[in-house]
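>>> predicted coordinates and the sequence they were generated for:
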Amino acid sequence: MAVGFWARFAKRRWHVVDYLLRFTLCTVAFFGLNALGRSLLQAGRPPIQPAPVHMTDAEKQNLYVSGGWVHHSNFDFVLPVGPQFEPAPEIQNQINENLAGLPGTFVWALQAQNPDRLVLIFLARGMGNDEAAFRAMARGISTSAGKQAAQVLEDDLQWSRRAKEFRYGIRLADGRYAQTRCLPSAPERQPPYVVCVQTLGPDANGLDALRNQLVIRK
């Protein structure tokens, strides 16, 4: 569906290679975010009441992209993506439709001018200040994503006073790399939330610097 919509509004005529490339990108993106969503459902037990964690329309629209930088005015995360990445609303809309059962979650999608690179920013409200829930989320990602991996490159979680983050990276069967970094919000932020950045591309280390520079301002 996403690829068909994308082709319908493309500015130039697509060839077979274009369709195959975009289909692969969308498939990987949907898989990665759906796995993350399922893991968040598992991590949320006992169930989180949906009322306090719903994202508003304003929060979904308040992502600011300019000069190669991404910033969200409500959740105050900053990510330098470089000028080559621009919003990809078609991919973004399709992923969020697939995550409609998770009211406290939302995904923003950015695509490079070279369309084989994609950045997905995933935000989940209602968790992040609890180590057990954060570890459960990480286990869910590892278990779900690992089933699609030709090779697991990284699976590391830190929860200490100095650092709280989760990193997971795989090489897919088609040779592409899907790598994720998740950060929890500061304990004083209420309701808490988790921000994850997933990069998709043909290079094992090509987007490492991008993920490494994700910051949630205190």
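Thanks, I have the structure now.

>>> so for the longest strand seen in the chain, mean pLDDT?
When the chain is parsed with DSSP state E, its longest strand is strand 149-159. The average pLDDT within strand 149-159 is 91.

>>> now for that strand, which elements pack on it?
With contacts defined as 3 or more CB pairs under 8 Å, 6 or more residues apart in numbering; DSSP states H and E, the packing partners of strand 149-159 are helix 131-146, strand 164-172, strand 177-184. In this view, the C-beta of every residue, glycine as well, is placed from N, C-alpha and C.

>>> show me the shaky parts of the chain.
Low-confidence segments of the chain (pLDDT under 70): 1-52.

>>> helices of that one, start to end?
Secondary structure of the chain (DSSP state H): helices at 2-8, 16-43, 57-61, 89-98, 131-146, 208-212.

>>> save the helices and strands packed on strand 149-159 as JSON lines, and put in mean neighbour count and distance to Asp203 too.
Listed next are these as JSON lines, based on neighbours: other CB atoms under 10 Å; distance: least, CB to CB, whole Å:
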{"stretch": "helix 131-146", "mean neighbour count": "18", "distance to Asp203": "19"}
{"stretch": "strand 164-172", "mean neighbour count": "21", "distance to Asp203": "11"}
{"stretch": "strand 177-184", "mean neighbour count": "23", "distance to Asp203": "7"}
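
>>> hmm, back to that, pull the CA atoms of the longest strand of the chain into CSV?
Only the C-alpha atoms of strand 149-159 are listed here, as CSV (Å, rounded to 0.1, in the frame of the first residue of the first chain):
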residue,chain,number,x,y,z
ALA,A,149,18.3,-11.2,11.1
ALA,A,150,21.0,-12.8,9.0
GLN,A,151,23.4,-11.6,11.6
VAL,A,152,23.0,-9.8,14.9
LEU,A,153,25.6,-7.0,15.1
GLU,A,154,24.8,-5.4,18.4
ASP,A,155,22.6,-6.1,21.4
ASP,A,156,23.5,-4.0,24.4
LEU,A,157,21.6,-2.4,27.2
GLN,A,158,23.0,0.0,29.8
TRP,A,159,21.1,1.2,32.9
